[in-house]
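Chemist: just coords:
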């Protein structure tokens, strides 16, 4: 999988590249409009992470160029400007997703994987992990061949942890992803525990387990 | 009182003494003139009598005032020499009026053929009471017509003259700095209004520029904070990906992350506030609040369950209201979250929807909160350090944007209510 990160902030770029490389993607970078335009014209990518504010141009213009040239790359707009207009315009121009800064790395992985999955399995992807199989389209989960019923939150937690399987996922990242941004300001994120507990019970016969890490977050372990 | 009526009022008051003084002067001047002319007439009668006397000596026998208008009485020479002409007023019975009427009397002396006479001429006189009555009547009429003229003219002229002023005032009354209203000044030749127009225009332009500057400052500051926050959060998360970190380090890292998360939320809330105030949420649709509330309650089930709070939704009526959907979500979310976060463990949070109101009730501290500060920015309701202190300020800003009335009251429970006026 080949990714292109277009981002003018060097440290931001480095962080994103580093974390995505750990997932064994081939990561290329561009830090301005001109070099980004050059790269998208010459090479093909599976997913492009696009910052809107570039020193020499607007990321949305790049998106237009990309779609004009008939390329069908997945595009995730990454912007510090969490503006409704940009979000709508970006999505109208054919972007797949919009990720406002700052974001959790776990969230970045979830978004990138979702885009790649949609692009590469033509709507019929299956994720196998241990003896668990997930059908994202129908949101069905099977252990071996047995269907297990998960509610929306349990499913979202499981997907998020699977997407970030080698990583410590903090409670706040998980809460924000599953319960939405609005859940913030809660006095603690401990309320997510009851759903985790239920999920663990349902995964009793699976060869994966959700491990608590020092009380600060969770990690998916393959047994 | 309007400026217009002020001028009229002062003129009305000032005219009363002025006209009264004028009436007195006029009355005495008139009276003086009338006496003068009557006395001249009486003297003329004497001259005429003297002219007629040689041809008609019988005149000397006239002694009936009613018949002849004069009365001739013989007097001694001695008397004659001491006699001085005199005028006086007296009353006489008038047959036509059947009443005593004032008459002017002229007493003079006359010498004819060594005979001496006293002659008395009378003439009917103007009736003073009638004169005064007429004068007062005419003065009242004059006063009334003057006042009417003044008020009408004043109204017309002042309205015309003050039009630029009233037009400006009308616009200033509706002026809200956060709305991009342009003030249109009327062209005028009046120096003072020109000055007023230019001063107001300058003041408004400057204020709006400052306001926008401030809004943009908050927005830009928030934007500029996002990238360093993102870099810090992501660097720490990358660091946490190392599997062989000791527990203490992981806990420290996560604590830093949580605090950065708080900073991020604070920043987002500030950005949201300035966006609401900058009117950046334009799209509106009719929101079914019963459905939306049910959805939001679903999101908070786990949080409520964690505190063993029972979330109850009572839909008494259907509430539909046109507004921006994102803002509707944020409004309800903030109020419900507020009720749960500050709600007492093992109690109930009740959300009641009527046709035009939503009320959210929770049990909490047993005294009312200070109504004057709860909706202010950064006024925290508790020492809960995860709270941004902006939740209720944002709810208030959203309510104000749509003319929804957000109230707080306390009766055993803390009640936040939204009144939707359509």
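Modeler: The structure has been received and is ready for your questions. Fair warning: this is a prediction, and the values are worked out from it, not measured in the lab.
Chemist: tell me the buried residues in stretch A:51-71?
Modeler: A:51, A:52, A:53, A:54, A:57, A:59, A:60, A:62, A:63, A:65, A:66, A:71 (16 or more other C-beta atoms under 10 Å in any protein chain shown). Heads up, the C-betas are built off the backbone N, CA and C, glycines and all.
Chemist: with stretch A:108-127 instead?
Modeler: Quick answer for stretch A:108-127 (16+ other C-beta under 10 Å): A:108-119, A:125, A:127.
Chemist: ok, stretch B:220-232 next?
Modeler: Neighbour-count burial for stretch B:220-232 flags B:222, B:223, B:225, B:226, B:227, B:228, B:229, B:230, B:231, B:232 (criterion: 16+ other C-beta under 10 Å).
Chemist: can you name the next helix or strand after the biggest helix by length in chain A?
Modeler: Looking across chain A with DSSP state H, the single longest helix is helix A:105-120. Using DSSP states H and E, the helix or strand that directly follows helix A:105-120 along the chain is strand A:127-129.
Chemist: just checking: what are the partner strands of that following strand?
Modeler: strand A:132-135 (antiparallel) (DSSP bridges).
Chemist: what sits up against the strand it pairs with?
Modeler: For strand A:132-135, the external contacting residues (C-beta atoms under 8 Å, 6 or more residues apart in numbering or on different chains) are A:125-127, A:140-143, A:158-159, A:162, A:203, A:206-208.
Chemist: from the buried residues of stretch B:220-232, list the ones also adjacent to chain A.
Modeler: Near chain A, judged by C-beta under 8 Å from any C-beta of the partner chain, the entries from the buried residues of stretch B:220-232 are B:223, B:226, B:227, B:229, B:230, B:231.
Chemist: circling back to that earlier point, format the buried residues of stretch B:220-232 as JSON lines; extra columns: pLDDT and secondary structure.
Modeler: Rendered in JSON lines, the data for those read as follows (pLDDT from 0 to 100; DSSP: H, G, I helix; E, B strand; the rest coil):
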{"residue": "B:222", "pLDDT": "82", "secondary structure": "helix"}
{"residue": "B:223", "pLDDT": "79", "secondary structure": "helix"}
{"residue": "B:225", "pLDDT": "87", "secondary structure": "helix"}
{"residue": "B:226", "pLDDT": "86", "secondary structure": "helix"}
{"residue": "B:227", "pLDDT": "86", "secondary structure": "helix"}
{"residue": "B:228", "pLDDT": "91", "secondary structure": "helix"}
{"residue": "B:229", "pLDDT": "92", "secondary structure": "helix"}
{"residue": "B:230", "pLDDT": "91", "secondary structure": "helix"}
{"residue": "B:231", "pLDDT": "93", "secondary structure": "helix"}
{"residue": "B:232", "pLDDT": "94", "secondary structure": "helix"}
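Chemist: which residues sit against the helix or strand hosting residue B:400?
Modeler: Assigned by DSSP H and E, residue B:400 belongs to helix B:391-401. By C-beta under 8 Å, 6+ apart, the residues outside helix B:391-401 that reach it are A:185, B:269, B:272-273, B:276-277, B:279, B:281, B:327, B:330-331, B:334-335, B:337-338, B:374-379, B:381, B:404-406, B:416, B:418.
Chemist: what about residue 22, how many neighbours?
Modeler: Just so you know, I chose chain A. 15 (other C-beta atoms under 10 Å in any protein chain shown).
Chemist: hm, I was asking about chain B
Modeler: 13.
Chemist: for it, give its distance to residue B:146.
Modeler: 12 Å (C-beta to C-beta, to the nearest Å).
Chemist: pretty sure residue A:211 contacts residue A:222?
Modeler: No. Using C-beta atoms under 8 Å, residue A:211 makes no contact with residue A:222, being 10.8 Å away.
Chemist: for residue A:57, list each beta-bridge partner.
Modeler: Here residue A:57, judged by DSSP bridges, has bridge partners residue A:54.
Chemist: report the separation between it and residue A:32.
Modeler: 8 Å.
Chemist: which strands and helices sit next to the helix-or-strand element of chain A with minimal mean pLDDT?
Modeler: For chain A, counting by mean pLDDT, DSSP states H and E, helix A:84-92 ranks last in confidence among helices and strands (a mean of 82). On a contact count with 3 or more C-beta pairs under 8 Å, 6 or more residues apart in numbering or on different chains; DSSP states H and E, helix A:84-92 meets helix A:59-68, strand A:74-79, strand A:97-100.
Chemist: what's across from residue A:5 in the sheet?
Modeler: residue A:29, residue A:49.
Chemist: so what's the residue count around it?
Modeler: By the criterion of other C-beta under 10 Å, residue A:5 has 25 neighbours.
Chemist: ok, now which ones touch it?
Modeler: By C-beta under 8 Å, 6+ apart, the contact set of residue A:5 is A:13, A:16, A:17, A:20, A:27, A:28, A:29, A:30, A:48, A:49.
Chemist: now with 10 Å?
Modeler: A:12-17, A:20, A:27-31, A:36, A:45, A:47-51, A:76, A:78 (C-beta atoms under 10 Å, 6 or more residues apart in numbering or on different chains).
Chemist: now the buried members of the residues you listed.
Modeler: A:12-17, A:20, A:27, A:29-31, A:36, A:45, A:47-51, A:76, A:78.
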